[in-house]
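Student: Below are the sequence and a predicted model; questions follow.
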Amino acid sequence: MIWSIAALLAWTGIAVASPKESRQAAVTLLVSPTVLSFTYDPSQTSLPAAQSVTVSGGSAVFPFTAVAAVATPSGGGWLSVSPNGGSTPLGLRVSVNPAGLPIGSYTGAVTVAAPSAANGAITVTVALTVRAPAVSLTVSPAALAFVYTVGSTLPANQSLTVSSSGSFLSFTASVRAGATPSAATGGTWLRVTPATSLSFAAFPSTLTASVNPADLYPGLYQGTITITSSAAAVATQIFPVTLTITAGTPVLSTLWPVDLPQGGGATTITLTGSALYSGSVVKANNGVADTILAATLLSPTLMTATIPATLMAAAGTLAVRVSNPAPAGDSNVVNLPVVAPGPKISASGTVSAASMQSGAIAPGQILVFFGSGLGPSTLTVASGGFATTLASTQVLFGATAAPLIYTQARQVAAIVPYSVAGTTTAVTVVFNGTASNAVTMNVAASVPALFTLNGAGTGAVAALNSDGTINGDSNPANRGSIVTLFGTGEGPTIPAGVDGQINAGPTFPLPVLPVAVTIGGQPGTVTYAGGAGGAVAGLLQINVRVPDNVTAGSNVPVTATLGTAPNLFSTPAGTTISVR
């Protein structure tokens, strides 16, 4: 008998695999998730957190590679993946670095490839959105304290300054007061006026708070002032108000210097206030604990105290207050910033205060610089004028210092000097004597933009109807009526603009370039275009008649144009007004 090899092996008990069984089973590459999304705005103190991607092959182990690529050409190398490969199963970390990117949307991809897998490669889509910084509504001071001695004159009124970080915001103000020292409501002793207003960094609004302690018993009364603005980053802010009806409670008014350098040595500060005594104790709180400071009484309204170097080791804010022996108690708190050295700016972080877009600049344009170490940790807003130095901050265009509107560690608002000319200029920010890196900015004859209510440079413009009320969806302008728009970046004026000057009239600076406005694509009649009365030079006011033939709506496009063809300079698209 002749046996086949297969039969012989089978007879001997040796198994033989078929050709199909001997081939290795195909493996499949698995990647999860396949879509990632990141968001960022320049005011953030840290980069977006890295996101994880899992690469596996079921139960199979095989090698793969991971490569990151940017699809948006202008985005640069903002996307990365780590590690760049390995063997399944393995986790990847996808990171983005949007520092320096202009506001906008960016796309990229991470390609995971495995030659031995049946499906070869899988692409993870990555989307990055760089948003305009949220508009903040700033109220100063952070708290109000009234002191009244029974039988004396009523406490003087106090002011709250309300400003936004570069755009117009409408807001309301309301109060709540305790009827007794132990109650939070029911009282009528606190009042604030006006109840509604409009605020802008270069055109802040002032609220007046007053108290009437008649018929109230001695004690500490609590109240609040609530500022509400639906368009602000923080829609509702509540500020404490106290009324102390007793003698001897100290009130702390100011501190000098207004900030301290990080890493500095022990520093003596001067405190001004009232009801200060030899037994007054000065305390500084760094957010962890109180430190009692060595202090010297100079008069009932003046003291000195020494801040130890240990409280200046890290950047932050020291809450300073004065305590008198019982039963008087503590004073109000005044914040003393400890600021980090080394200002840093970038061209992409230098934007129009109206459009929040970077690019060329123009004489007299209001700009916002985003960066780090630019000023004190707490916002300081110019008052009583617009000087070229504010809280130890300067912005230099070449060698010329610019008027400043406000300053804080991560952003500074300044007005381009009218003397800036040529095609480019070098810009630096100086804080506490330390200069930032210099950035070169292109100079144009005009870079117009209209301020918007959301502060992002798009949507509803900050406009007043002919009756002085704020234009909006619920309060549109009539066709044929006059509306007032606000902008910046118009360029040189006649007469020549004076840096930091308040437009007091009777003669106001007018743009050298002619101004035209279209509403809903129809030309409006410009009745005035020039400096805004009572505001700083650089804030442009345009009064325009709404065309009779414009189509009514809540989002009617509005555009301002300066110059004559072919040299026209237009405000960015996307701004609207409400018309009925």
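Tutor: Ah, there it is. Not measured: the values here are computed from a predicted model. Residues are numbered from 1 along each chain as shown.
Student: need the strands for the stretch 151-300 of the chain, in chain order.
Tutor: Shown for the stretch 151-300 of the chain, the strands assigned by DSSP state E, counting those that start in this stretch span residues 158-164, 169-177, 190-193, 196-199, 205-211, 219-228, 236-245, 251-256, 260-261, 267-274, 281-285, 290-292, 294-299.
Student: Just the mean pLDDT for the second one, thanks.
Tutor: For strand 169-177, mean pLDDT is 90.
Student: List the strands paired with it, with their directions.
Tutor: Partners of strand 169-177 in the sheet, by DSSP bridges, are strand 196-199 (antiparallel), strand 219-228 (antiparallel).
Student: Give me the contact list for that strand.
Tutor: Under the criterion Cβ atoms under 8 Å, 6 or more residues apart in numbering, residues 135, 137, 160, 162, 184-192, 194-200, 205, 207, 221-229, 231-232, 241, 243, 453, 455, 470 lie in contact with strand 169-177. Quick note: C-beta positions are derived from backbone N, CA and C, even for glycine.
Student: Buried subset of those as a ChimeraX selection?
Tutor: A single ChimeraX command is used to select the members of the contacts of strand 169-177 judged buried by 16 or more other Cβ atoms under 10 Å:
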select :135,137,160,162,187,189,190,192,197,198,199,200,205,207,221,222,223,224,225,227,228,229,231,232,241,243,453,455,470
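Student: where in the stretch 251-400 of the chain is pLDDT low?
Tutor: Confidence mapping of the stretch 251-400 of the chain against pLDDT under 70 gives the ranges 325, 327.
Student: which residues sit in contact with S136?
Tutor: With the criterion set at Cβ under 8 Å, 6+ apart, S136 makes contact with S164, S165, A232, A233, V234.
Student: can we see that at 10 Å?
Tutor: Residues in contact with S136, defined by Cβ atoms under 10 Å, 6 or more residues apart in numbering, are 43, 163-166, 169, 201, 229, 232-234, 237, 379, 408, 411, 455.
Student: what's the answer for I502, then?
Tutor: Contacts here follow Cβ under 10 Å, 6+ apart; on that basis I502 touches G384, G385, F386, G531, A532, G533, G534, A535, V536, A537.
Student: Would you convert the residues you listed into a markdown table that also reports secondary structure and distance to A314?
Tutor: Shown next, in a markdown table, are the contacts of I502 (DSSP: H, G, I helix; E, B strand; the rest coil; distance: Cβ to Cβ, whole Å):
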| residue | secondary structure | distance to A314 |
| --- | --- | --- |
| G384 | coil | 33 |
| G385 | coil | 34 |
| F386 | coil | 32 |
| G531 | strand | 44 |
| A532 | coil | 42 |
| G533 | coil | 45 |
| G534 | coil | 41 |
| A535 | coil | 39 |
| V536 | strand | 36 |
| A537 | coil | 40 |
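Student: Identify the farthest-apart pair in those.
Tutor: Using Cβ to Cβ, these span at most 18.8 Å, a distance reached by G384 and G531.
Student: Who has more neighbours out of these two?
Tutor: G531 (26 against 6; other Cβ atoms under 10 Å).
Student: so what's that one closest to, chain neighbours aside?
Tutor: Of all residues not flanking G531 in the chain, N503 sits nearest, at 3.8 Å (Cβ to Cβ, 6 or more residues apart in numbering).
Student: Hmm, G530 and the one you found touching each other?
Tutor: Yes: contact between N503 and G530 holds when scored by Cβ atoms under 10 Å: they sit 8.1 Å apart.
Student: list residues touching both of these two?
Tutor: In contact with both N503 and G530: P509, Q541, using Cβ under 10 Å, 6+ apart.
Student: returning to what we had before: for the contacts of I502, could you give me CSV that also reports distance to L128?
Tutor: CSV is the format used below for the contacts of I502 (distance: Cβ to Cβ, whole Å):
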residue, distance to L128
G384, 43
G385, 41
F386, 37
G531, 40
A532, 37
G533, 43
G534, 42
A535, 37
V536, 36
A537, 38
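Student: So which of these wins on neighbours?
Tutor: G531 leads the contacts of I502 on contacts (other Cβ under 10 Å) with 26 neighbours.
Student: mind listing what that residue touches?
Tutor: G531 neighbours (Cβ under 10 Å, 6+ apart): 364, 490, 493, 497, 501-505, 507-511, 537-541.
Student: for L92, same thing?
Tutor: 31, 50-55, 64, 66, 68, 81-86, 110, 112, 124.
Student: you'd agree it is in a helix?
Tutor: No: counting by DSSP: H, G, I helix; E, B strand; the rest coil, L92 is not part of a helix but strand.
Student: Can you tell me who it pairs with across the strands?
Tutor: V53.
Student: What does the pLDDT read for it?
Tutor: pLDDT, L92: 96.
Student: do you know how far it is from A121?
Tutor: In this view, L92 and A121 are 14 Å apart by Cβ to Cβ, to the nearest Å.
Student: try P155
Tutor: P155 is 74 Å from A121, by Cβ to Cβ.
Student: Look at the two and report which has more neighbours.
Tutor: The residue with more neighbours, out of P155 and A121, is P155; 20 against 15, by other Cβ under 10 Å.
Student: Within its sheet, name the partner strands of whichever strand in the chain runs longest and how each one runs.
Tutor: Ranked by number of residues, the top strand in the chain under DSSP state E is strand 553-564. Taking DSSP bridges as the criterion, strand 553-564 forms sheet pairs with strand 515-519 (antiparallel), strand 567-570 (antiparallel), strand 575-579 (antiparallel).
Student: Out of those, the one nearest N332 is which?
Tutor: Nearest of those (Cβ to Cβ): strand 575-579, 41.8 Å.
Student: Now do that closest one, average pLDDT.
Tutor: In this model, strand 575-579 has a mean pLDDT of 97.
Student: One more: stretch 515-534?
Tutor: Regarding stretch 515-534, the rounded mean pLDDT is 96.
Student: Show me the helices in the protein, by range?
Tutor: Applying DSSP state H to the chain gives helices spanning 5-11, 19-22.
Student: So this structure: which segments form each domain?
Tutor: 30-130, 137-245, 251-330, 350-442, 449-579 (automatic domain parsing).
Student: Relative to V430, which of the contacts of I502 is nearest.
Tutor: F386 (16.8 Å).
Student: can you pull the contacts of the closest one?
Tutor: 202, 402-406, 413-415, 499-502, 535-538.
Student: From start to finish, how long is stretch 232-249 in a straight line?
Tutor: From its first residue to its last, stretch 232-249 covers 36 Å (Cα to Cα, to the nearest Å).
Student: same question but for stretch 441-448, I mixed them up
Tutor: 16 Å.
Student: Report the mean per-residue pLDDT for it.
Tutor: On average, the pLDDT along stretch 441-448 is 97.
Student: Buried residues of that stretch, list them for me.
Tutor: Here stretch 441-448 shows M441, V443, A444, A445, S446, V447, P448 as buried, counting by 16+ other Cβ under 10 Å.
Student: Next, check those against the strands and list the overlap.
Tutor: Of the buried residues of stretch 441-448, the ones assigned to strands by DSSP E are M441.
Student: I'd say P240 and G223 touch.
Tutor: Yes: when contacts are counted by Cβ under 10 Å, P240 is listed as touching G223 (7.5 Å).
Student: Can you check which residues contact both of the two?
Tutor: With Cβ under 10 Å, 6+ apart, P240 and G223 have common neighbours L144.
Student: pLDDT at the closest residue to L144 other than its chain neighbours, what is it?
Tutor: Leaving aside its sequence neighbours, L144 sits nearest to V241 (Cβ to Cβ, 6+ apart; 4.6 Å). Per-residue pLDDT puts V241 at 95.
Student: List the beta-bridge partners for V241.
Tutor: According to DSSP bridges, beta-bridge pairing links V241 with L144, G223.
Student: For it, which residues are in contact?
Tutor: Applying Cβ under 10 Å, 6+ apart to V241 gives the contacts 143-146, 158, 160, 175-177, 189-190, 192, 209, 211, 221-225.
Student: rerun at 7 Å
Tutor: When contacts are counted by Cβ atoms under 7 Å, 6 or more residues apart in numbering, V241 touches L144, L190, A209, G223, T224, I225.
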